[in-house]
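S.K.: Need the 3D shape of this:
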Amino acid sequence: MSAVLPPINHSVYINTALERVFETLTTAEGWNAWFTQKTTLQNHKGGNIIFRWENWGVSRETLQDNGIVLETYPPYRFSFTWHPGQTETTVTFTLTAHGNSGTILHVTETGHTNIHTFSDCACGWGEALTLLKMYLEYGITYGTVSSYDKVTR
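M.R.: Numbers count the residues shown, from 1 in each chain. Just a heads-up that it's a prediction; the model follows:
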């Protein structure tokens, strides 16, 4: 059995109300608005989550992962399992109100045993929180990269 790697931790300040950030992270509509396509999410303990990305990124990958909701404590905490690679990991979002209208969002992922998926997720969560911030503060989404046959310079 492989050793469990340290937790992945990322935090971001989002100039948006706590409740809106929580709703975006705990509904399929929320995820699909900024990060996924055709995600389904049952927001209750034991509920199923199926994350789906279609034509994602420059490599235009189609990916799917699934998990189980472990905890939902509105509007402060949401956690679930998923399987980035061969190992099930646990993702926990913790939200704290900051000032009159902002939110500090912290994500922790635990349970990684493979250094490659650990590295991918460590980078990925940093990117994901930036994308979430841009969506909630400015309405900017990543969008779909158009297909191309070759790049010319």
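
S.K.: can you give me the helices for this protein?
M.R.: Using DSSP state H, the helices of the chain run over residues 18-26, 28-34, 115-138.

S.K.: Buried deepest among those, which one?
M.R.: Of those, the one with the most neighbours on average (mean count of other CB atoms under 10 Å) is helix 18-26, at a mean of 19. For the C-beta atoms, the positions are set from N, CA and C on the backbone; glycine is no exception.

S.K.: Can you show me the CA trace of that one as CSV?
M.R.: Presented in CSV, the C-alpha positions along helix 18-26 are these (Å, rounded to 0.1, in the frame of the first residue of the first chain):
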residue,chain,number,x,y,z
LEU,A,18,-21.1,33.6,1.5
GLU,A,19,-24.5,32.2,0.5
ARG,A,20,-23.8,32.7,-3.2
VAL,A,21,-20.4,31.0,-3.1
PHE,A,22,-22.0,28.1,-1.2
GLU,A,23,-24.8,27.7,-3.7
THR,A,24,-22.4,27.7,-6.6
LEU,A,25,-20.4,24.8,-5.0
THR,A,26,-23.4,22.7,-3.9
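
S.K.: Point out the other helices and strands that it packs with.
M.R.: Secondary-structure packing of helix 18-26 (3 or more CB pairs under 8 Å, 6 or more residues apart in numbering; DSSP states H and E): helix 28-34, strand 77-82, strand 89-98, strand 102-110, helix 115-138.
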